[in-house]
Each structure stands twice: as C-alpha cells, then as structure tokens.
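Colleague: A structural model of the following input is requested.
(one chain, ligands or ions: 2)
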Amino acid sequence: MIELVSAERCIACDKCVKVCPTNVFDRGPDGVPLLSRREDCQTCFQCEANCPVDALFVAPVTHPLPDDRAVRDERHLDRTGLLGSYRRHIGWGHGRTPGALRAVGPRLPAPDGRPPAPPITS
Ligand code: SF4
Ligand code: SF4
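Modeller: Ligands and ions are numbered 1, 2, ... in the order given. This is a model prediction of the structure:
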C-alpha cells in the first residue's frame, strides 16, 4: 500500500502518476502527486520503482496503515533508508546493480563447459 510521497524529494516528473495501473494519484497544484484514491492501491510497487529521486514508499502490505505508524513518518523513512528502498533493491537507478544480477536461480553451465559458478545471492 502506498504510504508516503515526499514533497521534499519530489521533482514533479509525473512518472508515478502515469505508471500507476489503478490511477491512485492526481497531480497536485505544485506538481507533487496527491494520493487521491489510495484505497485503489494494488501494492504493485511500480510508482516506487519508477520514481527517479526515491520520493515514494510503498509498504509490503495490502491495507492502509494507521497514521501514527512509523511508515507514515518521512523522517523515519529517510533515516532508515526505506524511502525508495524497493527501487534500490531491484537495482533501478543510475550506478546501481540490476536486481537480475543478484537474483537466485538454477546453476547454469558456462558456455565453454566449465562447471557452473555458485549462485549469486543478495
Ligand atoms: S503501488 Fe502500484 S497501485 Fe499502488 S500507488 Fe503505486 S503504482 Fe499505484
Ligand atoms: S515519480 Fe517521484 S519525482 Fe516524479 S512525480 Fe512521482 S514522486 Fe514526484
């Protein structure tokens, strides 16, 4: 569930507004997205994944959390590195390691027949 948009970080690029499959956001008067239809959030993380400045936080739960929870507190999210953490984890963003390189999968033999390398895990 989308929990927070950081007005401090947002650069009003509209990417989250456009990528959201359920039209949760409206562009606010200052360009910062408003959570106009938060109850329609599908917890798909696409807004957080696409935000170029890590201004969003989607909690990995399917219901809204109470306002007094730490995940609604921007200072807490900033301090703990949770803002934009999904995007960081999947490796989207300049200079980051693509998540596919850290994914766990079956061992595949090298093209030259050498034994498979150990899996890379995060
Ligand atoms: S998590 Fe998905 S459904 Fe929810 S606001 Fe972000 S893009 Fe929209
Ligand atoms: S994607 Fe990020 S920077 Fe762009 S409008 Fe949304 S919150 Fe703001």
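
Colleague: Just give me the residue closest to the centre of this structure.
Modeller: Nearest residue to the geometric centre of the chain (Cα atoms, centre = their mean): Glu48, 3.0 Å.

Colleague: May I ask you to confirm that that one is in contact with Pro60?
Modeller: No - applying Cβ atoms under 8 Å as the test, Glu48 and Pro60 come out as separate, 10.7 Å apart. Every residue, glycine included, has its C-beta placed from N, CA and C.

Colleague: how about the residues of the protein that lie near ligand 2?
Modeller: For the chain, the residues in contact with ligand 2 (Cβ under 6 Å from any ligand atom) are 5, 10-16, 33, 50-51, 53, 55-56.

Colleague: again, only this time at 8 Å
Modeller: Neighbours of ligand 2 within the chain, by Cβ under 8 Å from any ligand atom: 5-6, 9-17, 19, 25, 27, 31-33, 47, 50-56.

Colleague: Report the buried members of the residues you listed.
Modeller: Those of the residues of the chain next to ligand 2 that meet the buried threshold are 5-6, 9-10, 15-17, 25, 32-33, 47, 50-51, 53-56, by 16 or more other Cβ atoms under 10 Å.

Colleague: show me which of the residues you listed neighbour ligand 1.
Modeller: When contact is defined as Cβ under 8 Å from any ligand atom, those meet ligand 1 at 16, 25, 47, 56.

Colleague: Was I right to think Pro64 contacts Glu39?
Modeller: Yes - under the criterion of Cβ under 8 Å, Pro64 makes contact with Glu39 at 7.3 Å.

Colleague: phi, psi of Leu77?
Modeller: phi -60, psi -40 (degrees, to the nearest 10).

Colleague: Could you pull out the strands in the chain for me?
Modeller: Using DSSP state E, the strands of the chain run over 2-5, 25-27, 33-35, 56-58.

Colleague: export the ones you listed to CSV and tack on mean pLDDT and distance to Pro106?
Modeller: Shown next, in CSV, are those (pLDDT from 0 to 100; distance: least, Cβ to Cβ, whole Å):
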stretch, mean pLDDT, distance to Pro106
strand 2-5, 96, 34
strand 25-27, 98, 39
strand 33-35, 98, 40
strand 56-58, 96, 30
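
Colleague: Any chance of TSV for those strands, columns distance to Gly91?
Modeller: Below are those laid out as TSV (distance: least, Cβ to Cβ, whole Å):
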stretch	distance to Gly91
strand 2-5	21
strand 25-27	24
strand 33-35	24
strand 56-58	17
